[in-house]
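>>> Build me a model:
(one chain, ligands or ions: 3)
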Amino acid sequence: MGEGGNAIYRRDAIPVEEAMRRIAERIGFVGIERVPLSEAFGRRLAEHVFADAPLPHFRRSGLDGYAVRADDTAGASPSSPARLEIIESVPCGAMPQKEVASGTAVRIMTGAAVPEGADAVVMLEMTGTETKDGRSYALVRRPMNGGANITPIGGETAAGELLLAPGCVIGSGETAVLAAFGRSVLQVARSPKVAIIATGAELLPVDTPSPLAPGRIRDSNSAMVAALIREAGGTPLLYGTVTDDPGAAATIVLRALGEADVVVTTGGVSVGDYDVMTDFCRHWDGELLFHKVAMRPGSPTSAGIRDGRPLFMLSGNPGACYVGFELFVRDALLHMQGASAPSLRPISAVLAEGEYAGIAYQRYVRGVKAGETVTVLIRRVLPFG
Ligand SMILES: Nc1nc2c(c(=O)[nH]1)N[C@H]1C(S)=C(S)[C@@H](COP(=O)(O)OP(=O)(O)OC[C@H]3O[C@@H](n4cnc5c(N)ncnc54)[C@H](O)[C@@H]3O)O[C@H]1N2
Ligand code: MOO
Ligand SMILES: [Mg+2]
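Ligands and ions are numbered 1, 2, ... in the order given. You can find the predicted model right below:
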C-alpha cells in the first residue's frame, strides 16, 4: 500500500512532547453555547465579563451602628462621649431620608446605604444611648476617622473592570461574581462530546457478576475514561465494547467520528494479531499524527485526525490508558474549551526508594507526594550513593 517508507507506519517512537505538539497544533475551539448561571458550574467561560456598574453602587456601611460626621466625634472618650441626636434608622435595602448634619447621627445596619452628610460609621458596641425630653441620643465613646467602616462607591470593583476572562473555569467564586453582576445567562465553551470505544473480545460489561468466565475481564477502561472526560469538562458518550473484528471496529469508530467531537478508543493498538486499531490506522481515510510514543507505559498510544476531529487510540492496559489520557487527551479537551495553559506542570523530586535501570523511554509511575497520589515522570535516575 505504498506506506512502507513512512515513519509513522513503521511506528517510529516519537518523544512525548512532540506527540503533544502534533495534537495541539491541530486542535481548535469547540464552539460556544449559552447557559443559565445555575448550569454554568465547571464550564469554561467563552466571553469577557466586565463590571457593568460599580460595586457597591452606593456608600455601604460595614457595621451595625451609627452613621456620623467624624468631626463630631473629635476628642470623644468613655468619660466624655460625643452626644449625637438619632434622627433616623436605616435598614438594608432602604435609602436614608435625612442628611446627617452636625450634632446628629443615623442608626444604620450592616450593608445599608450611608446617609448624605455622614462620613463614618461607629460600631454599636462603641456607643450607648440616652433619652431626654423625648429625643434619643447616641453616645459615641471614641473619635472616628473620616471614611471609617464605609465602603465607597466602586470600593470593591470599579465600573468597566474586567471580572473574568475567556477560558476561566466557573467555580463557586466565579459564580458569586457573575451573580453579583447580574449575569444570569452566560456564553461558555460547548462541552466536547467524547465517544469512548473499548476494544477487546475479553471485555464484559461492568455489571457482569463474579465468577467471570476464564480469560474474561470487566471493561474498566470505559468507566475510567468517562470519569476522566468529565473531569476535563467533556461529555462522555459510551459506545460500549467492540470485539476484535476489524470490520466491526472500523464501523463503530467511523460512526463515532461522525457523531462526536472526539473519539477515544482503548486497546488493540499494539502488534497483536487481534489489535484492531492498528489495523484501522492502516486503512482509514484520516491522517495519523503518531503511532508510537517513547514512553512507558503506553508506548503503542496513537492519535489521528479526520475532518478536524481527533481520534485518540489509547493502550488497553489500564495504567497505560490512564497515562495516555493524562498526557494527550486531557489537554486536548481543555484546549477545545478555550484553556490556554497546559494542565500538567513538571516538578523535580528525589526518589525516596526503588530504582529504575536502563531507561530507554520516559517512564510514568505512580508516586506519593506529601500524602497526595500523583503520576510521576521519571526522565533520568541518578545512581544511589
Ligand atoms: N510484541 C509486543 N507485544 C506488546 C507490545 C509490544 O511492543 N510488542 N507492547 C506491550 C505494551 S507496552 C502494551 S501497553 C500493550 C498494549 O496493548 P493494546 O493497546 O493492544 O491493548 P490490548 O492488547 O487490547 O490489551 C492490553 C491489556 O489490557 C487489558 N484491557 C484491554 N482493554 C481493557 C479494558 N477496556 N478494561 C480493562 N482492561 C483492558 C487487556 O485485557 C490486556 O490485558 O501491548 C503489549 N504487548
Ligand atoms: O507501554 Mo505498555 O503501556 O508498558 O504497558
Ligand atoms: Mg494488544
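>>> From now on I want contacts and neighbour counts done on CA atoms only, so please keep to that.
Fine.
>>> Low-confidence ranges, the stretch 1-150 of the chain, go.
Within the stretch 1-150 of the chain, the stretches with pLDDT under 70 are 1-5.
>>> Closest residue of it to ligand 3?
As assessed by CA to the ion, ligand 3 sits closest to R11 within the stretch 1-150 of the chain, at 14.9 Å.
>>> and E353, what pLDDT?
You'll see E353 listed with a pLDDT of 69.
>>> mind listing what the residue of the stretch 1-150 of the chain closest to ligand 3 touches?
Taking CA atoms under 8 Å, 6 or more residues apart in numbering as the criterion, R11 is in contact with F290, H291, K292.
>>> List the ones among those residues that fall in strands.
F290 (DSSP state E).
>>> now the contacts of R11 as CSV including neighbour count, pLDDT and distance to P78?
Listed next are these as CSV, based on neighbours: other CA atoms under 10 Å; pLDDT from 0 to 100; distance: CA to CA, whole Å:
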residue, neighbour count, pLDDT, distance to P78
F290, 24, 96, 80
H291, 25, 94, 82
K292, 24, 95, 81
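>>> Go through the contacts of R11 and say which is closest to ligand 2.
K292 (9.7 Å; CA to the nearest ligand atom).
>>> Residue of the stretch 51-200 of the chain nearest ligand 1, please.
For the stretch 51-200 of the chain, CA to the nearest ligand atom, closest residue to ligand 1: A198, 4.9 Å.
>>> wait, doesn't that residue sit right on V263?
No: assessed by CA atoms under 8 Å, A198 is found out of contact with V263, at 10.9 Å.
>>> show me what contacts the residue of the stretch 101-250 of the chain found nearest ligand 2?
The nearest approach of the stretch 101-250 of the chain to ligand 2 comes at N221, 13.4 Å away (CA to the nearest ligand atom). By CA under 8 Å, 6+ apart, N221 lies in contact with A198, T266, G316, P318, C321.
>>> how close does A201 get to A248?
12 Å (CA to CA, to the nearest Å).
>>> Around ligand 3, which positions in the stretch 251-385 of the chain sit nearby?
With CA under 5 Å from the ion as the criterion, the stretch 251-385 of the chain meets ligand 3 at residues G268, S270, G272.
>>> domain ranges for this structure?
7-31+191-337, 34-55+155-189, 60-151 (the TED database).
>>> and the end-to-end length of the first one?
By that I understand domain 7-31+191-337. Using CA to CA, first and last residues of domain 7-31+191-337 are 32 Å apart.
>>> Please compute how far it lies from its chain's middle.
Taking CA atoms, centre = their mean, to the nearest Å, the mean C-alpha location of domain 7-31+191-337 is offset from the chain mean by 23 Å.
>>> coming back round to it: next secondary structure after the helix or strand where the residue of the stretch 51-200 of the chain closest to ligand 1 lies?
Assessed by DSSP states H and E, A198 sits inside strand 193-199. As assigned by DSSP H and E, the chain's next helix or strand after strand 193-199 is strand 203-204.
>>> since we're on F181, how many residues are nearby?
17 (other CA atoms under 10 Å).
>>> A helix includes A227, no?
Yes: assignment of A227 by DSSP: H, G, I helix; E, B strand; the rest coil places it within a helix.
>>> So for it, what's the pLDDT?
98.
>>> Could you measure from it over to M313?
Relative to M313, and taking CA to CA, A227 is found at 17 Å.
>>> So between these two, which is more surrounded?
Shown here are A227 and M313; by other CA under 10 Å, M313 has more neighbours (28 against 15).
>>> rewinding a little: by neighbours, which of the residues of the stretch 251-385 of the chain next to ligand 3 wins?
For these, neighbours tallied by other CA under 10 Å; top is G268, 26 neighbours.
>>> Let me see the contact set for it.
The contact partners of G268, taken as CA under 8 Å, 6+ apart, are T199, G200, D244, Y274, D275, V276, M277, T278, S315, G316.
>>> mind listing what the last one touches?
It refers to G316. Counted by CA under 8 Å, 6+ apart, G316 has contacts T199, N221, T266, G267, G268, V269.
>>> Identify the spatial nearest neighbour of the fourth one, chain neighbours not counted.
Nearest residue to G267, sequence neighbours excluded (CA to CA, 6 or more residues apart in numbering): G316, at 3.3 Å.
>>> Looking at A201 and A248, which one has more neighbours?
A201 (15 against 12).
>>> what about the closest residue in space to the more buried one that isn't next to it in sequence, how many neighbours?
Spatial nearest neighbour of A201, chain neighbours left out: T243 (4.4 Å); criterion: CA to CA, 6+ apart. Applying other CA under 10 Å, we find 17 residues neighbouring T243.
>>> Let me see the backbone angles for T243.
phi -80, psi -170 (degrees, to the nearest 10).
>>> Roughly how far does it sit from I197?
10 Å.
>>> try T266
7 Å.
>>> what touches both of those two?
Common neighbours of T266 and I197, using CA under 8 Å, 6+ apart, are S222.
>>> Any idea what the residue nearest to the spatial centre of the chain is bridged to?
Central residue of the chain (CA atoms, centre = their mean): V169, 4.1 Å from the mean position. Note on V169: beta-bridge partners by DSSP bridges are R44.
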